[in-house]
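>>> Give me a 3D structure for the following:
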Amino acid sequence: SIRSITLQARVPGYLQEQTAADGSDVKQGDLLYRIAPEDYQAALDQAKAQVERDTATLDYARSNLGRGSELAKSGYLAKDSFDQRTSTLRGAEAALLLDKAAVRTAELNLGYAEIKAPFPGRIGRNQASVGTLVSVAGTVLNTLVQLDPIYVTFNPSETDLVEIEQAKAAGPIAVDVLLPGETEPSQKGELTFIDNTIDHSTGTITARATIGNAKFRLLPGQYVRVRLHVKEQPNTLMVPQVALGSSQLGKYLYVLGKGNTVDQKLVSLGPTDGDLISVTSGISESDQVITGNLQKIGPGMPVSPLPQPKPAS
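Residues are numbered from 1 along each chain as shown. Here you go, the predicted model:
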């Protein structure tokens, strides 16, 4: 997934309510959990009362300094007394600033008593029962994952990287995603990331596509097949991958030769599409590829060809 977080409390207290059921699809800003707010509401009320009290103190200090200023000009107030009134005013101003900061802190803490979804997604299984005393030190409430859009990570081979980079330079690369059992893609997206290092142990590189997933058909951890649109290859010869054989000379196919005997042809291969693989050289469109009983036949052996069964309608 693009985003996945653990939901935890930012203030301690008793868990009062779980407002979203396990496995719910939620929108950004939806309320998920509520911690008992009474203590935090009381702290806010107290902080606001302190503001009111110190506002009155400041008003008095300001008026007192104003009167002292006139008296000082007339010589009826000593400089030390005037300085004391000035200091009292500054202290009252500072106290009010502290009070307002305390109000803001109390408002934040009261807001933190409500745990809301920071982004749209799906929550998992609840991990704290109502009535639990949760702490800031790590009480896990639940998890939230973003499902739309979603990342699909795959590992193309380094031999395919040149074609992918060439296609990427020409514009965005479309990506099809096929779920298990699908023959046609149900999800589509775009290639958005290619890593900067090849894994030499596997000869592959990590790539990632961003896929629209409005119906939440794709889930984190799910295995899928990925198909990249890197170039158009009209009239490409495609054969079942099960028909391929391997030898020291390379990949080969058995085809039907003269007199219904087996011919072996070395082939060069291209991209795959599901259970099929493209053949770039080695056979022609007129060749009849043998796909069955490959372990029991060899070059020159006679065979009795059977027509390919038609798919059920």
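>>> Just name whatever secondary elements the longest helix anywhere in the chain is in contact with.
Among the segments of the chain that qualify as a helix by DSSP state H, the longest is helix 38-74. Packing partners of helix 38-74 (3 or more C-beta pairs under 8 Å, 6 or more residues apart in numbering; DSSP states H and E): helix 79-112. In this view, the C-beta of every residue, glycine as well, is placed from N, C-alpha and C.
>>> next one: the helix it packs on to chain centre, how far?
Centroid separation for helix 79-112 versus its chain: 45 Å, with C-alpha atoms, centre = their mean, to the nearest Å.
>>> what's the angle between that helix and helix 38-74?
Interaxial angle, helix 79-112 versus helix 38-74 (axes from the mean of the first three to the mean of the last three C-alpha atoms, to 10 degrees): 160 degrees.
>>> And the strands in the stretch 101-250 of the chain?
Under the criterion DSSP state E, counting those that start in this stretch, the stretch 101-250 of the chain carries strands at the ranges 114-116, 121-123, 133-134, 140-145, 150-154, 174-178, 187-199, 204-211, 225-228, 237-240, 245-247, 250-256.
>>> Mean neighbour count, the ones you listed: which tops it?
Mean neighbours per residue, mean count of other C-beta atoms under 10 Å, is largest over the strands of the stretch 101-250 of the chain for strand 121-123, with a mean of 23.
>>> ok, and what's touching that one?
1, 3, 7, 20, 22-26, 32, 117, 142-147, 216 (C-beta atoms under 8 Å, 6 or more residues apart in numbering).
>>> Can you tell me how far residue 190 is from residue 150?
Distance, residue 190 to residue 150, using C-beta to C-beta, to the nearest Å: 13 Å.
>>> To residue 58, which of the strands of the stretch 101-250 of the chain lies closest?
Proximity to residue 58 (C-beta to C-beta) singles out strand 114-116 among those, at 33.3 Å.
>>> next one: that closest one to chain centre, how far?
Here the centre of strand 114-116 is set off from its chain's centre by 21 Å, with C-alpha atoms, centre = their mean.
>>> now the stretch 51-200 of the chain, which segments are flagged as low pLDDT?
Across the stretch 51-200 of the chain, the ranges flagged by pLDDT under 70 are 68.
>>> and if we set it to 80?
Counting by pLDDT under 80, the stretch 51-200 of the chain shows low-confidence ranges at 65-82, 137-138.
>>> ok, back up a step: any residues in contact with both of residue 190 and residue 150?
residue 210.
>>> Reformat the strands of the stretch 101-250 of the chain as JSON lines; add distance to residue 303.
Below are these laid out as JSON lines (distance: least, C-beta to C-beta, whole Å):
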{"stretch": "strand 114-116", "distance to residue 303": "69"}
{"stretch": "strand 121-123", "distance to residue 303": "55"}
{"stretch": "strand 133-134", "distance to residue 303": "72"}
{"stretch": "strand 140-145", "distance to residue 303": "54"}
{"stretch": "strand 150-154", "distance to residue 303": "38"}
{"stretch": "strand 174-178", "distance to residue 303": "34"}
{"stretch": "strand 187-199", "distance to residue 303": "42"}
{"stretch": "strand 204-211", "distance to residue 303": "38"}
{"stretch": "strand 225-228", "distance to residue 303": "33"}
{"stretch": "strand 237-240", "distance to residue 303": "17"}
{"stretch": "strand 245-247", "distance to residue 303": "15"}
{"stretch": "strand 250-256", "distance to residue 303": "7"}
